[in-house]
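A.B. asks: Predicted structure and sequence below. I'll ask about it afterward.
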Amino acid sequence: MNSTRAYTIPSHLLSTWVARLLGRAQVIAPQAARGSDVCYDVVDTPQAVAWDYRSSLSPLKRFLFPQSDRMLRWHCDGDGNVRLEPTYDETERVFLAVRPCDVSGILFLDKVFEQEPADIYYLTRRQRSTLVALACTEPGENCFCVCAHAGPFLEAGYDLQLSPQTGQHLVEVGTEKGARLVRESADLFAPATDQSLQARQEIARQAEARFGEARAYFAAVMRRVTFDRVPDEVWGQMADRCLGCGGCAFVCPTCYCFIVADYRGANGGERGRLWDSCLYETYALEASGHNPRALCKHRLKARFFHKLSYQFAQRAGSHGCVGCGRCITTCPGANDMPVATLSIRRGEQ
Amino acid sequence: MDNAYLPDLVKIAGMREETADTKTLALRFLDPGRWEAFQYRPGQFVEVSVFGVGEAPFCLASLRDGADNFEITVRSAGAVTGAMHELSVGATLGVRGPLGNGFPFAEVSGRDILFVGGGIGLPPLRPLIWQMLTDRGRFNKITVLYGARTPADLVYKDELRRWQARQDMALLVTVDVPDRDWKENVGVVGSLFSKVEINAANTVAFVCGPPIMIRFVVQDLLKAGLAEDAIITTLERHMRCGVGKCNHCLIGDKYVCQDGPVFTYRQMKAMMDPG
């Protein structure tokens, strides 16, 4: 069974599989939320998993890099002695039916947090995580992953990748971690037939066509950003529309700025980190009162430089956009990635 | 995998008042093994924790050289520095580091060395000055120009007197606002340049101080004929994590905490950052 790289599972048995996964790990999957929203969340019952959703309201990152994450506790005794106790989250997790853009977001964060010195808090969770992708066949309203090479199907980076076919799901194995999940439920999976494998290529081709024309031309934009060829007015015009709310950063699968903060208790306390946004006015403010990024247009420039310059793309293996479209949904000022790349390319509004 | 965010515990071994708002703290590791491993070079920095208040970056302000502790000089400006001023000898703090790149040393052998410090910008230069004085034969002329707002704002007053008395270096001090007893220069630190002879071709300048001072001093030095990579400075940014993750100290694609905090003016010019 090891040598086989693809299987099929009858779609009606997916719930049976999820029930078994629930027995071995915390399962996180898309579920119906308020209104028509779908959100990745912890699964209680197999029936809760949404298998035919378009995209999740927020990305996966909060499960590996929580918005508020304890890093250590300290304890003081009466004599002023301090003892430190780092706290790690060693929960085994299976991320199930994750859209390719969100898998790509995690792969981006992997690169960032693996860079020396490695981030033990992120990697402790990540090493205990298995990523089961669900390829996309229908685009969501704001999806542009085709521009970012982050979907609608993944070619690598997943542990398993599921894709829907008539009455069944194809299961592609990407890693040994993924293979193990299949092996543990061997009775549910059958090696994929040539017919199924051929169907996968056709379904992927059709999906790509449905995702349509590119909406963000990253190569041209990256050249301009890298060599500082974007007129200051472009950032100024974006700044006129930016409320500085930080929403774009919080819903972005590749944003990871944080601050470190302490909480004091009776005989000790906790230190944790919290998400931050580079668009906040106080982001770079120093104790002296000096603010190296006092103007909104400069904060926007720094933000898009981080997302779109070759320098950063080299470090993380790709530019900082997976085309999930969440910034389009969130930004009240239309400073989303497709609009920003268009403005940068045109050099004017 | 090491935990890059986990501090080592230190105790305050000594405290000295420098000015009305600035103190120097001597910190000693609880674990002597950690001190053994804590090999640093001037120009590097540490993240210091006041548990319950937070963490902030401080340059290493003393030379290791035989001591069993290291010093940081702290101006009370924010929450962490304010809390540090309230502590007394024996209090426990956390330390992560040494972090960052540090000043060149062997690389500037044989050169004339010009230090230019403003206010609280002298502490990062102090261990380098001592390191060079300890290895004096290795360098040509050593000159220190130091400016502060008033005579009361000068740090390391004892050391300034010792440096002033030495024959193997020159120290010139200036203040913006003199008091009745002030006999030295009055004016910004740049006003001292006319009082020293600078052999531009052989001089390396180490500049540290508030951003506005750095901007003017760099222009003075370029005018005097120094090359862009012979002007070396340490940049201050609000470094939250100190290990190139949180992004707060980014200038263009450079992390001040990892690629710096020491940069040449040539490098600084190439950094793309607005504002």
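C.D. replies: Structure's in. What do you need? Since the model is a prediction, treat every value here as computed from it, not as a measurement. Residues are numbered from 1 along each chain as shown, chains lettered A, B, ... in the order given.
A.B. asks: pretty sure residue B:43 belongs to a strand, no?
C.D. replies: No: with DSSP: H, G, I helix; E, B strand; the rest coil as the criterion, residue B:43 is coil rather than part of a strand.
A.B. asks: which residues of the chain score low on pLDDT?
C.D. replies: Looking at chain A here, since you left the chain open. For chain A, applying pLDDT under 70 flags the ranges A:1-4, A:214, A:216, A:348-349.
A.B. asks: Chain B was what I was after
C.D. replies: Counting by pLDDT under 70, chain B has low-confidence residues at B:272-275.
A.B. asks: cutoff 50 now
C.D. replies: Along chain B, the model assigns pLDDT under 50 to residues B:274-275.
A.B. asks: And residue B:96, which helix or strand is it part of?
C.D. replies: With secondary structure defined by DSSP states H and E, residue B:96 is part of strand B:92-99.
A.B. asks: quick one: buried residues of that strand?
C.D. replies: Using 16 or more other Cβ atoms under 10 Å in any protein chain shown as the test for burial, strand B:92-99 gives B:92, B:93, B:94, B:95, B:96, B:97, B:98, B:99. Where C-beta positions appear, they are placed from N, C-alpha and C, glycine not excepted.
A.B. asks: now do stretch B:159-179
C.D. replies: Neighbour counts using 16+ other Cβ under 10 Å place B:160, B:163, B:169, B:170, B:171, B:172, B:173, B:174, B:175 of stretch B:159-179 among the buried residues.
A.B. asks: Of these, which belong to helices?
C.D. replies: Counted as lying in helices by DSSP state H, out of the buried residues of stretch B:159-179, are B:160, B:163.
A.B. asks: Run through the residues of the stretch 151-275 of chain B sitting next to chain A.
C.D. replies: Proximity of the stretch 151-275 of chain B to chain A is confined to B:210-211, B:236-238, B:240-241, B:243-253, B:272-275 under the rule Cβ under 8 Å from any Cβ of the partner chain.
A.B. asks: in stretch A:71-80, what counts as buried?
C.D. replies: In terms of neighbour count (16+ other Cβ under 10 Å), stretch A:71-80 has its buried residues at A:71, A:72, A:73, A:74, A:76.
A.B. asks: cool, and stretch A:89-97?
C.D. replies: A:93, A:94, A:95, A:96, A:97.
A.B. asks: pull the CA atoms of stretch B:216-231 into CSV?
C.D. replies: C-alpha atoms of stretch B:216-231 as CSV (Å, rounded to 0.1, in the frame of the first residue of the first chain):
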residue,chain,number,x,y,z
PHE,B,216,23.4,66.0,10.6
VAL,B,217,26.6,64.3,11.7
VAL,B,218,26.6,62.1,8.7
GLN,B,219,26.3,65.1,6.4
ASP,B,220,29.2,66.7,8.3
LEU,B,221,31.3,63.6,7.9
LEU,B,222,30.6,63.3,4.2
LYS,B,223,31.5,66.9,3.8
ALA,B,224,34.8,66.2,5.6
GLY,B,225,35.5,63.6,3.0
LEU,B,226,34.8,60.3,4.8
ALA,B,227,33.7,57.4,2.6
GLU,B,228,30.1,56.2,3.0
ASP,B,229,31.3,52.8,4.3
ALA,B,230,33.6,54.5,6.8
ILE,B,231,30.6,56.0,8.6
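A.B. asks: List the contacts of the residue of the stretch 1-150 of chain A found nearest chain B.
C.D. replies: Proximity of the stretch 1-150 of chain A to chain B (Cβ to the nearest Cβ) peaks at residue A:117, 3.9 Å away. Each residue near residue A:117 by Cβ atoms under 8 Å, 6 or more residues apart in numbering or on different chains is listed here: B:2, B:4, B:243, B:244.
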